[in-house]
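Participant: compute the structure for the input listed below.
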Amino acid sequence: MTVLTFGLVTVAGFFAGLVGYVTGIASLISYPALLAAGLSPVSANVTNTVAMVAVGAGSTAKAGAAVADNARALILHAVCAALGGLGGAALLLTTPAEVFDAIVPVLIALAAGSLLLQPKLRKLAGNRTFPRLYPLATAVVALYGGYFGAGVGVMFLALIMVCTSETVWRASILKSVLTGVANLVAAIGFAVFGPVHWLAAAAMGLGAFAGGWFGPSLVSRLPPAAMRIGVAICGLGLAGYLAIT
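Facilitator: Model (predicted):
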């Protein structure tokens, strides 16, 4: 990797981290950037997972204290995310890449749709929370995140917004923390067994950390409803893109 390529991947990582924190679709930028840098699809996938740990690290370092008031629940959901991420990594390393191809766009579209309809869904639920469903669903979303990851932020954000009474700002931080945990556990597996391109991961990770750091400040300035709708539209767009490629 040349110095110029390293720099371009770092810049792509910054925008991937920023966009990923705000919308949950970092991989829409980071994955193609790694392919453009010359990595194979499998190597780009695992390298992207390793690098995107930095988004969660950056945002947690910036605003993680804001969601640490309920440490017991946070630890429970982090453990579920870790188990799911580990399972997803194992699936990626042991199954054909085509296994989830057909269902991935459907999963992302469902998550985006539920986020778009979140106020109505919360009203239909009588504004109840779902403390038993939330941890299990966290593990399932993290399983997908460890396997492929595109749109996993949208899925986590939709899950948190529908299952809890969190604000968009807090849900965005929690989404980033849980995504980071799932990616970290998967990244450890990839580091041992996967074809990680470490120089590319370092370049992407540097930029992603900076993007994740600036993400919470940006989200705090955005109108909550507009952000929720914008993320949902981006998720539907990603689902459509993956369905036709």
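
Participant: now the helix or strand that contains residue 16 - C-alpha only, CSV.
Facilitator: Using DSSP states H and E, residue 16 sits within helix 3-23. Extracted C-alpha coordinates of helix 3-23, given in CSV (Å, rounded to 0.1, in the frame of the first residue of the first chain):
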residue,chain,number,x,y,z
VAL,A,3,1.5,6.5,1.1
LEU,A,4,-1.2,8.0,-1.1
THR,A,5,-3.5,5.0,-0.8
PHE,A,6,-3.0,4.9,3.0
GLY,A,7,-4.0,8.6,3.1
LEU,A,8,-7.1,8.1,0.9
VAL,A,9,-8.2,5.1,2.9
THR,A,10,-7.8,7.2,6.1
VAL,A,11,-10.0,9.9,4.7
ALA,A,12,-12.5,7.3,3.6
GLY,A,13,-12.4,6.0,7.1
PHE,A,14,-13.2,9.4,8.6
PHE,A,15,-16.3,9.8,6.5
ALA,A,16,-17.3,6.2,7.0
GLY,A,17,-17.0,6.7,10.8
LEU,A,18,-19.0,9.9,10.7
VAL,A,19,-21.7,8.6,8.4
GLY,A,20,-21.7,5.3,10.2
TYR,A,21,-22.4,7.0,13.6
VAL,A,22,-25.1,9.2,12.2
THR,A,23,-26.8,6.8,9.8
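
Participant: for the residue positioned nearest the centre of the chain, give me its contacts.
Facilitator: Residue closest to the average C-alpha location in the chain (C-alpha atoms, centre = their mean): residue 153, at 3.4 Å. Each residue near residue 153 by C-beta atoms under 8 Å, 6 or more residues apart in numbering is listed here: 20, 21, 23, 24, 25, 26, 175, 176, 179. The C-beta positions use only the backbone N, C-alpha and C, and glycine is treated the same way.

Participant: my guess is the last one contacts residue 145. True?
Facilitator: Yes: Residue 179 lies in contact with residue 145 (C-beta atoms under 8 Å); the separation is 6.3 Å.

Participant: hang on, isn't residue 23 packed against residue 233?
Facilitator: No: using C-beta under 8 Å, residue 23 makes no contact with residue 233, being 9.2 Å away.

Participant: and those two? Which one has more around it.
Facilitator: Per other C-beta atoms under 10 Å, whichever of residue 23 and residue 233 has more neighbours is residue 23, with 24 against 14.

Participant: and the contacts of the helix or strand of the chain at the bottom of the mean pLDDT ranking?
Facilitator: Least confident element among the helices and strands of the chain, by mean pLDDT, DSSP states H and E: helix 118-124 (a mean of 76). Applying C-beta under 8 Å, 6+ apart, the external contacts of helix 118-124 come out as 114, 158, 161, 162, 165, 228.

Participant: could you rerun that using 6 Å?
Facilitator: Around helix 118-124, the neighbours that count as contacts under C-beta atoms under 6 Å, 6 or more residues apart in numbering are 161, 162.

Participant: contact partners of the helix or strand where residue 226 lies?
Facilitator: Residue 226 belongs to helix 224-244 when assigned by DSSP H and E. With C-beta under 6 Å, 6+ apart as the test, helix 224-244 has contacts from 23, 25, 28, 104-105, 108-109, 112, 115-116, 151, 154, 168.

Participant: how about stretch 37-55?
Facilitator: Against stretch 37-55 from outside (C-beta under 6 Å, 6+ apart): 5, 9, 17, 20, 26, 30-31, 34-35, 149, 180, 183-184, 186-187, 190, 194-197, 200-201, 204-205, 208-209, 212.

Participant: for PyMOL, what selects the buried ones among those?
Facilitator: Restricted to buried positions by 16 or more other C-beta atoms under 10 Å, the PyMOL selection for the contacts of stretch 37-55 reads:
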select buried, resi 5+9+17+20+26+30+31+34+149+180+183+184+186+187+190+194+196+197+200+201+204+205+208+209+212
